[in-house]
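Chemist: Quick one, fold the following:
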Amino acid sequence: MNIRDIANLAGVGVSTVSRVINNKPDVNKETREKVLEVIKETKFVPNNNARNLKKNETNSIGVLVKGVFNPFFTEMIDVISKEISRSSYTMILQHHDYSKKSEIDNLISFIKDKKLQGLICLGGNFIDVNDELFEKVKIPVVLTSVNTTYDRRHINFSTVGIENDKASYISTSYLISIGHRNIAIIIGDVNDYGISGLRMKGYIEALRDNNIPYNKNYVSVGNYNSEGAYNATIELLKKFKEITAIFAISDVMAIGCAKAASDMGLEIGKDISIIGFDGMDVSKFYVPAITTTVQPKEEMAKVSINLLIKLINKEESHKHILLNTYLVKRQSCSKLKILNNKF
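Modeler: Sure, this is the predicted structure:
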């Protein structure tokens, strides 16, 4: 009889048994009592060798991040790190951008290399991911803020996110409701079929539902950074002087848009309206403050890590959680009255 046998009999992970044996605090009362009862019934006596059987693994939780310079994920990582520090786990952080490997291959390699107990993926394109692919993954995985949403039929992995297309629809509809029809959009990456694709979908549907023709010339790429959005905005406004509003699909890009418009002699919130997405602090403190769709990033981070720890401890089954977004109206948007052409 060893620690793995105790874990199997109790229906929990080896790490949970180890924490009970070592009197760690992060095990709920019911699970602790179950493990102790099995130990009592089997007359199991822990020893140093048994306690160290888990050395082939680690006590680490991985966080795999798509996008090295994504400040939205940076704020989430801070929350996740603090939550992990309250448990008996340690965090291993790994970034990746564009790789020849698929998202699932990146995920599996990270798990094997670091011998992880659980994994959170922040971002990534998981459009074609299904339960069969995750049968190869032997630890709990939570996909957070990824490119799509899943329902309860998927039982081998969990997701936490928002309805990107719906939120984008609301953002675009708001611009239309205050009189704008010539609305440009700055997406992240032309090859991003995930977040960019979904927010683009919401933008197009809002135009269609308001009988506004979709103009592909009003679409530009900002590469998810302020400089890219700045250059894209300059080019857009020089070519298409009729544009009165811009929807940037991230706040970081909205800042670049605003700076570009200002440098071209336009007054933000008067000559042109700009709306962002994410609810970053920078959008609130920019002058003028930028209208944005707020993602509940702190809640998203806490829900993700707390769910993952429960999955590791076999206290929860896989879930697919959608969180609400909301629009914050600020000074960067105003009702369209007369087109002020300053070019």
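Chemist: Met300 is in contact with Ser145, correct?
Modeler: Yes: at 6.5 Å, Ser145 counts as touching Met300 under the criterion of CB atoms under 8 Å. The way it works is simple: take the backbone N, C-alpha and C, and place the C-beta from them, glycine included.
Chemist: neighbour count winner among these two?
Modeler: Ser145 (27 against 22; other CB atoms under 10 Å).
Chemist: still on that earlier bit, overlap in contacts of Ser145 and Met300?
Modeler: 76, 160-162 (CB atoms under 8 Å, 6 or more residues apart in numbering).
Chemist: Work out which residue lies at the spatial centre of this structure.
Modeler: Centroid-nearest residue in the chain, with CA atoms, centre = their mean: Ser145, separated by 2.4 Å.
Chemist: so how far is Asn23 from the residue of the chain most remote from its centre?
Modeler: In the chain, Lys43 marks the outermost C-alpha relative to the chain mean, sitting 46.0 Å out by CA atoms, centre = their mean. Using CB to CB, to the nearest Å, Lys43 is found at 19 Å from Asn23.
Chemist: Also Thr144?
Modeler: Relative to Asn23, Thr144 is positioned 32 Å away (CB to CB).
Chemist: who has more neighbours, the two?
Modeler: Taking neighbours as other CB under 10 Å, Thr144 and Asn23 compare with Thr144 leading, 27 against 8.
Chemist: what domains does the record give for the protein?
Modeler: 3-54, 59-162+298-312, 164-294 (automatic domain parsing).
Chemist: Could you name the stretch from these that's closest to Cys333?
Modeler: Closest approach to Cys333 among those (CB to CB): domain 164-294, 4.1 Å.
Chemist: So which residues of this protein form strands?
Modeler: Secondary structure of the chain (DSSP state E): strands located at 60-66, 90-96, 118-122, 141-144, 158-161, 183-187, 219-221, 245-248, 273-278, 291-294, 320-322, 326-328.
Chemist: ok, the last one: who's next to it in the sheet?
Modeler: In the sheet containing strand 326-328, the strands it pairs with under DSSP bridges are strand 291-294 (antiparallel).
Chemist: just the first one next, same as before
Modeler: Applying DSSP bridges to the sheet, strand 60-66 is found paired with strand 90-96 (parallel), strand 118-122 (parallel).
Chemist: same deal with the fourth one?
Modeler: In the sheet, strand 141-144 lines up against strand 118-122 (parallel), strand 158-161 (parallel) (DSSP bridges).
Chemist: Surely Ser262 is in contact with Lys270?
Modeler: No: with contact defined as CB under 8 Å, Ser262 does not count as touching Lys270 (11.2 Å).
Chemist: more neighbours, these two?
Modeler: Taking other CB under 10 Å, Ser262 and Lys270 do not tie; Ser262 has more neighbours (16 against 13).
Chemist: start to end distance for stretch 234-250?
Modeler: 17 Å (CA to CA, to the nearest Å).
Chemist: sorry, back to before: who's in contact with the residue nearest to the centre of the chain?
Modeler: By CB under 8 Å, 6+ apart, the contact set of Ser145 is 72-73, 76, 122-123, 160-162, 195, 295, 300.
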